[in-house]
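A.B. asks: Task: produce atomic coordinates for the following.
(one chain, ligands or ions: 2)
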Amino acid sequence: MNKEYILAPSVLSADFSALGDALQFIEQKGGDWVHIDVMDGHFVPNLTFGPPVIAALRKRTSLPFDVHLMTSNPAEHFDSYIEAGADYLTFHIEAEIHAHRLISRIHEAGRKAGISLVPSTPVSSLKELLPLVDLILVMTVDPGFGGQSLIPSCLEKVRELKKLKQENDFSYIVSVDGGVNSRTLDSALSAGSDVIVTGSAFFSGNFPV
Ligand SMILES: O=C(CO)[C@H](O)[C@H](O)COP(=O)(O)O
Ligand SMILES: [Fe+2]
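C.D. replies: Ligands and ions are numbered 1, 2, ... in the order given. The predicted model follows:
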């Protein structure tokens, strides 16, 4: 299928007892990246994968790993995720005051740095970081679980970020994460999303691939 966006299926909705098979499925269905949701049971009320699981998956595909850290204090352990094989490493602005430093350290390690914001955080909170980041991950659900409904008003942030990018010649790409399925895909794309993350819809056959 010819598509004009980067498809990043999330293994959060795969069968955790067969994650290697999930990577193959993503490849077969034309996924461009693998989205890996790291949850620490603290920043969000759920617990998922850590570096050893990501390192094991790294051996099973050459697709880029888009690692979404939903963790408190991301600076404390970001290097383990880089070592495990993250290509894009995205952390939450709500979890890190010293974001400039963390972005620099991710870049020094030769990886792409992403910043994410939950639905209640405005784009203005990222103002100082816009010239520095490679990716902005706009959460369209409250993070922590797959299978939730997209909050349509969050897509305004995608429009705002694309406008700021154009006006200032910034280089970041914008990703939409949460509740994207065959019904909501068009709205995410028309808002200007460059990357589409999809978990439950992709693995249940409710995503147009
Ligand atoms: O970051 C996430 C949740 O915190 C997931 O990436 C996201 O929710 C994807 O799952 P779905 O497409 O089912 O909403
Ligand atoms: Fe995610």
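
A.B. asks: Tell me the buried residues in stretch 12-32?
C.D. replies: Applying a neighbour-count criterion of 16 or more other Cβ atoms under 10 Å, one finds 12-14, 19, 22-23, 25-27, 31-32 buried in stretch 12-32. C-beta: built from backbone N, CA, C; applies to glycine.

A.B. asks: List, out of the residues you listed, those positioned next to ligand 1.
C.D. replies: 12-13 (Cβ under 6 Å from any ligand atom).

A.B. asks: What is the nearest of the buried residues of stretch 12-32 to V38?
C.D. replies: V38 lies nearest to L12 out of those, by Cβ to Cβ, at 9.8 Å.

A.B. asks: The closest one touches V44, doesn't it?
C.D. replies: No - taking contacts as Cβ atoms under 8 Å, L12 lies outside contact range of V44: 11.3 Å.

A.B. asks: Next step: the buried residues of stretch 12-32 restricted to helices.
C.D. replies: 19, 22-23, 25-27 (DSSP state H).

A.B. asks: near ligand 2, which residues of the protein?
C.D. replies: With the criterion set to Cβ under 5 Å from the ion, the chain comes near ligand 2 through 37, 68, 177.

A.B. asks: which element is the residue in the chain that ligand 2 sits nearest to on?
C.D. replies: In the chain, the residue that lies nearest ligand 2 is H68 (3.8 Å; Cβ to the ion). According to DSSP states H and E, H68 maps onto strand 65-70.

A.B. asks: Next: S175.
C.D. replies: Here S175 sits within strand 173-177, counting by DSSP H and E.

A.B. asks: buried ones in that strand?
C.D. replies: Neighbour-count burial for strand 173-177 [16+ other Cβ under 10 Å]: 173-177.

A.B. asks: which one among these gets closest to E76?
C.D. replies: Using Cβ to Cβ, the buried residues of strand 173-177 come closest to E76 at D177, 22.9 Å.

A.B. asks: picking up where we left off before, list the contacts of the residue of the chain closest to ligand 2.
C.D. replies: 35-38, 90, 114, 116, 137, 177, 197 (Cβ atoms under 8 Å, 6 or more residues apart in numbering).

A.B. asks: Kindly report the same for R60.
C.D. replies: Residues near R60 by Cβ under 8 Å, 6+ apart: 20, 23-24.

A.B. asks: Please name the nearest non-neighbouring residue to I115.
C.D. replies: Leaving aside its chain neighbours, I115 sits nearest to V133 (5.0 Å; criterion: Cβ to Cβ, 6 or more residues apart in numbering).
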